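> Here is a sequence together with a model predicted from it:
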Amino acid sequence: MRVIATIGPNSMSKKVLYELINNGADAIRLNFSHFYEEQFTNILEDARSINSNISIIADLCGKKVRVYEKINNIYKVYSSEIVYFCSEDVYELMKNSTDERVKLIPLTLKSKIIEQNDIKSISMKDGTMNFEIIDKDKVFLKARAINNGIVRGGKGCNLIGVNFGKETLSDKDKLHIKWILNNNIETIWQSFVESCDEIDSIRSFIKDECKYKEPIKIFSKIETINGIENYKEILESSEGIIIARGDMIPECGIINSVNKEFELINSLKGMIKEKELIIATHLLDNMKYGNIASITEVESIYSFIKLGVTGFLLAGETSVGKNPVETVNFLRKLINSYMD
């Protein structure tokens with residue numbers, strides 16, 4: 001059973017990479033939502049020098065919406081305060097002419113998505129910041145903050161029920177795929193998959209544009225209602241499925257997401273065979289903050305093992321967590337104890 005460690009600020013040094021790999025991580029994940037070429041190159045070189053056979057996973061952005069990295073400000077937002085959302089292209093046109101008292105938050109999507117969809121709410125940071133949309137003027141969304149928080153570039157957002165149209169592979173993903181293949185990474189994860197077309201478009205791009213002939217493993221991250229409903233066709237086009245709970249919770253609601261998660265696992269049990277089923281995020285959150293694991297976290301991991309999942313992805317626990325090595329070691333111990 002696989003233990004996958006996400007590499008980030010607290011785990012990218014060669015010393016920590018060495019400890020992760022030698023304490024139970026048999027794969028490392030690079031999150032291309034936060035791509036820094038020099039850092040990623042160094043991580044690859046260090047990991048492969050430690051273990052030449054270590055599995056490297058490249059996790060693409062897919063349709064994940066974020067606050068535009070080039071936002072001019074970091075905003076402290078207060079409950080009931082009015083803010084405005086727009087697309088990144090509109091922001092580039094408006095950023096130098098907007099009243100400084102107006103908090104304008106650009107999102108990494110095209111203006112037509114805002115124009116064509118009836119967006120009711122926006123959440124950020126795994127649902128810990130929420131905004132109610134109270135008005136819309138073509139390319140601007142007027143919103144009221146539900147709670148306090150900080151808004152800065154790169155923060156993940158959830159716009160529930162938005163239809164992104166026929167576009168299945170972004171220009172950003174295309175650039176990243178070329179880098180991935182040039183660096184001999186053979187496993188790609190695509191985020192926010194809702195149909196087999198999204199996986200097929202990656203394979204076509206690799207074949208037609210990159211002229212890459214080596215076999216590439218492509219996994220689908222399921223984290224929306226549409227993705228859950230289309231799981232059969234998605235699995236057929238993929239080498240495996242990742243149940244990505246970090247975004248599934250704000251997308252589906254915490255109560256519904258647990259129902260959907262276990263329904264999906266039970267539905268997939270008879271279909272997996274040669275494919276993989278990986279549970280991602282919110283596995284050992286207590287250890288992320290330097291505490292010991294809770295009994296509910298351990299029980300959850302036990303249940304997933306008995307249900308037949310093939311691996312676990314640690315996200316914040318190893319990328320920004322206080323004890324990345326201890327967390328990997330503990331998860332490996334649980335797997336060794338609970339595997340039949």
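Received, thanks. It should be emphasised that the depicted structure is a prediction, and the values quoted were computed from it without experimental measurement.

> quick one: strands adjacent to the helix or strand harbouring V3?
Assessed by DSSP states H and E, V3 sits inside strand 2-6. Strand pairing for strand 2-6, using DSSP bridges, gives strand 27-31 (parallel), strand 311-314 (parallel).

> biggest strand in this protein by residues?
Counting residues, the longest strand found in the chain (DSSP state E) is strand 129-137.

> Which strands or helices does that one pack on?
Contact analysis of strand 129-137 by 3 or more C-beta pairs under 8 Å, 6 or more residues apart in numbering; DSSP states H and E lists strand 82-87, strand 121-124, strand 140-145 as its packing neighbours. Yep, even glycine has a C-beta here, placed from its N, CA and C like the rest.

> Sheet partners, orientation included, of the shortest one?
When you say that, I think you mean strand 121-124. Strand pairing for strand 121-124, using DSSP bridges, gives strand 129-137 (antiparallel), strand 156-158 (antiparallel).

> got the contact list for that strand?
67, 85, 129-133, 141, 143, 149, 151, 155-160, 250 (C-beta atoms under 8 Å, 6 or more residues apart in numbering).

> mind listing what G311 touches?
M1, R2, V3, I4, A27, E276, L277, I278, I279.

> Is it correct that the last one is in contact with L313?
In this case it means I279. Yes - using C-beta atoms under 8 Å, I279 is in contact with L313, at 7.1 Å.

> before we move on, the earlier item: to K288, which of the helices and strands packed on strand 129-137 lies closest?
strand 121-124 (18.7 Å; C-beta to C-beta).

> Show me where the stretch 151-300 of the chain has its helices.
Per DSSP state H, counting those that start in this stretch, the stretch 151-300 of the chain carries helices over the ranges 171-182, 196-208, 225-229, 231-237, 245-252, 254-268, 285-288, 295-307.

> tell me the most buried of these?
Scoring these by mean neighbour count under mean count of other C-beta atoms under 10 Å gives helix 245-252 as the most buried, with a mean of 23.

> Any idea how far it is from the middle of the chain?
10 Å (C-alpha atoms, centre = their mean, to the nearest Å).

> other SSEs contacting the helix or strand harbouring I57?
In the assignment (DSSP H and E), I57 maps to strand 55-59. Using 3+ C-beta pairs under 8 Å, 6+ apart as the contact test, the elements touching strand 55-59 are strand 27-31, strand 187-190.

> From V151, how far out is the closest residue to M287 other than its chain neighbours?
Nearest non-adjacent residue to M287, counting by C-beta to C-beta, 6 or more residues apart in numbering: T327, 4.5 Å away. Distance, T327 to V151, using C-beta to C-beta, to the nearest Å: 29 Å.

> So which of these two has more stuff around it?
T327 (29 against 21; other C-beta atoms under 10 Å).
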